[in-house]
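1. The following comprises the amino acid sequence and a computationally predicted model.
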Amino acid sequence: MYKIFIPILFLLLFSCNRPEQQEVKTAPVRRGTFTEELTEQGTVKAVNSQVISTPMISYRYGGSLKITRIVEDGTEVEAGDTVIVFDPSDIRKAIINSQQQLDIQRAEYDKLKATQESEVQDMEADLEIARINYEITKIMFDQSVFESELTRKENQVKLESAAIALERSGEQIENKKKIQKEELYQKSLMMNQTIATLAEADKAIKSLYVVSPGKGIAVVRDNWMTGTKWKANDQPWGMTGLVELPDLTLMSAELKINEVDISKVTPGLKVVIKADAFADSTYTGVVNTVANLAQNKDYGSKIKVFPVSVSIDGINKKLLPGLTVSCRILVQEIPDVIYIPVEAIFRIEGIDYAYVKSGSGFRKQEIRLGVANADFAVVEDGLAEKDEVALSDPFINKEEKEKGKPANQKSGGA
């Protein structure tokens, strides 16, 4: 009885002291065609679009306008639909003031014209008196032929004086009419300026009701001062782009590729596109242009990037300008190579390793890597096609996993 009990007790004690086996997920080493890829975030942009801007108004109205109503972002609009309305109160005040000024100017013009006509009538009456006086003096001169020489000379002098007075009266009337004409012209010029101001104000107030030039989806632009979309009560300056009507038949994705990878990107490469807002939809495109000059990634950043434009195939109503997309650029396809998941790659002190399944355990194998993408990496040396590699470090015990410390200070992952 004791002979049977002792071995059983020994086995129980041994099994209790045995470390807990952990399950390690593995993946097979694959051979096949490997696709080298670059994945970058980008922004959708319409290649062609119409921009609706703040109308230019005269400095008389302050130069800036206040938005009272603006179309909601993403709204479908038809040609002629009102998309933006600005506050017309300042222009209406200017119209009222100009109209009152025009009424005063017209009254002054009519008054001046009546006064001038009265003055001319008085002068014409004086001219008529001078003409009559001349005629009487001429008759007296003609009748003095039988008078003495002295009387005849006196009448001659009177006749010459009357002629001069008659001529001067006529000249004064002509000069007066010229002066009056100039005065009326100045008054009419002021009225015409006020009329032009009224016409300008009327045109300006009509421009405050901005309509869509065509059919499309309205995309409200960002207010660079606030970092948000333009909205009611904002005060943009003249010719500020507020709403964009993109041509959805031709869209592109604008990317920024770092200077390390830009040599791999050339026009014509195929691109797989996914919108962050529509994860279930996939689109295709082609690299269209690659910039020759680098630019700073952000303001104040020393990181250099190259702008790249990707033409998106087809018409996609979901892809609106401004959406963030993930673009997977298919750089090249390499046939007949061995590759493994990037989760199976571990770097220790600058050397790449993989844990290869061997019997009931694993062995650490140094490997030499080639090109990689977001999911897989080519293995140029160190693994065979039939090998199976661990997707996590199999030598990390349970306690280290719970504490989140890698065993032997190893860093895992490609």
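-> Arrived safely. Numbers count the residues shown, from 1 in each chain.

2. for the stretch 151-300 of the chain, what spans make up the helices?
-> Taking DSSP state H, counting those that start in this stretch as the criterion, the stretch 151-300 of the chain contains no helices.

3. So, low pLDDT: which residues of it?
-> Applying pLDDT under 70 to the stretch 151-300 of the chain picks out no residues at all.

4. quick one: residue 195 from residue 101, how far?
-> According to C-beta to C-beta, to the nearest Å, residue 195 stands 10 Å off from residue 101. C-beta here means a position set from N, CA and C on the backbone, and glycine is covered the same way.

5. need the contact list for the closest residue to residue 73 other than its chain neighbours.
-> Among residues not flanking residue 73 along the chain, residue 220 sits closest, at 4.3 Å (C-beta to C-beta, 6 or more residues apart in numbering). Neighbour list for residue 220: 70, 71, 72, 73, 229, 230, 242, 243, 244 [criterion: C-beta atoms under 8 Å, 6 or more residues apart in numbering].

6. Then residue 246?
-> Taking C-beta under 8 Å, 6+ apart as the test, what residue 246 contacts is 46, 48, 49, 216, 217, 219, 320, 321.

7. What is the nearest of the residues you listed to residue 179?
-> If you rank those by distance to residue 179 using C-beta to C-beta, residue 49 comes first, at 60.7 Å.

8. ok, the closest one to residue 250 distance?
-> Distance from residue 49 to residue 250, by C-beta to C-beta: 10 Å.

9. Of the two, give the one with the bigger neighbour count.
-> The neighbour comparison of residue 49 against residue 250 (other C-beta atoms under 10 Å) goes to residue 49, with 16 against 13.

10. for that one, which residues make a bridge with it?
-> For residue 49, the beta-bridge partners are residue 246 (DSSP bridges).

11. So it sits against residue 241, correct?
-> No: here residue 49 lies out of contact with residue 241, judged by C-beta atoms under 8 Å, at a distance of 10.0 Å.

12. Could you give the separation of stretch 208-226 from the chain centroid?
-> A distance of 9 Å separates the centroid of the chain from that of stretch 208-226, by C-alpha atoms, centre = their mean, to the nearest Å.

13. how long is that stretch end to end?
-> One end of stretch 208-226 sits 23 Å from the other (C-alpha to C-alpha, to the nearest Å).

14. One more: stretch 254-270?
-> End-to-end span of stretch 254-270 (C-alpha to C-alpha): 15 Å.

15. Pull the residues that contact that stretch.
-> Stretch 254-270 is contacted from outside by 36, 38, 40-45, 284-290, 294, 297, 303-310, 327, 329-331, using C-beta under 8 Å, 6+ apart.

16. could you flag which of the residues you listed are buried?
-> Buried members of the contacts of stretch 254-270, scored by 16 or more other C-beta atoms under 10 Å, are 36, 38, 40, 42, 44-45, 285, 287-288, 290, 294, 305-310, 327, 329, 331.

17. In contact with the nearest residue to residue 314 once chain neighbours are set aside, which residues?
-> Leaving aside its chain neighbours, residue 314 sits nearest to residue 283 (7.5 Å; criterion: C-beta to C-beta, 6+ apart). Remark: with contacts taken as C-beta under 8 Å, 6+ apart, residue 283 is in contact with 272, 273, 274, 275, 312, 313, 314, 316, 319.

18. Kindly state the domain boundaries assigned to this structure.
-> For the chain, the structural domains run 20-34+335-412, 39-46+248-333, 49-87+208-242, 91-206, going by automatic domain parsing.

19. how long is the longest one from one end to the other?
-> From the first residue to the last, domain 91-206 extends over 10 Å; the measure is C-alpha to C-alpha.

20. How far off centre is that domain?
-> Taking the mean of its C-alpha atoms, domain 91-206 sits 62 Å from the chain's own mean (C-alpha atoms, centre = their mean).

21. Show me what the helix or strand encompassing residue 93 is packed against.
-> In this structure, residue 93 sits in helix 89-143 according to DSSP states H and E. When contacts are defined as 3 or more C-beta pairs under 8 Å, 6 or more residues apart in numbering; DSSP states H and E, helix 89-143 packs onto helix 149-207.
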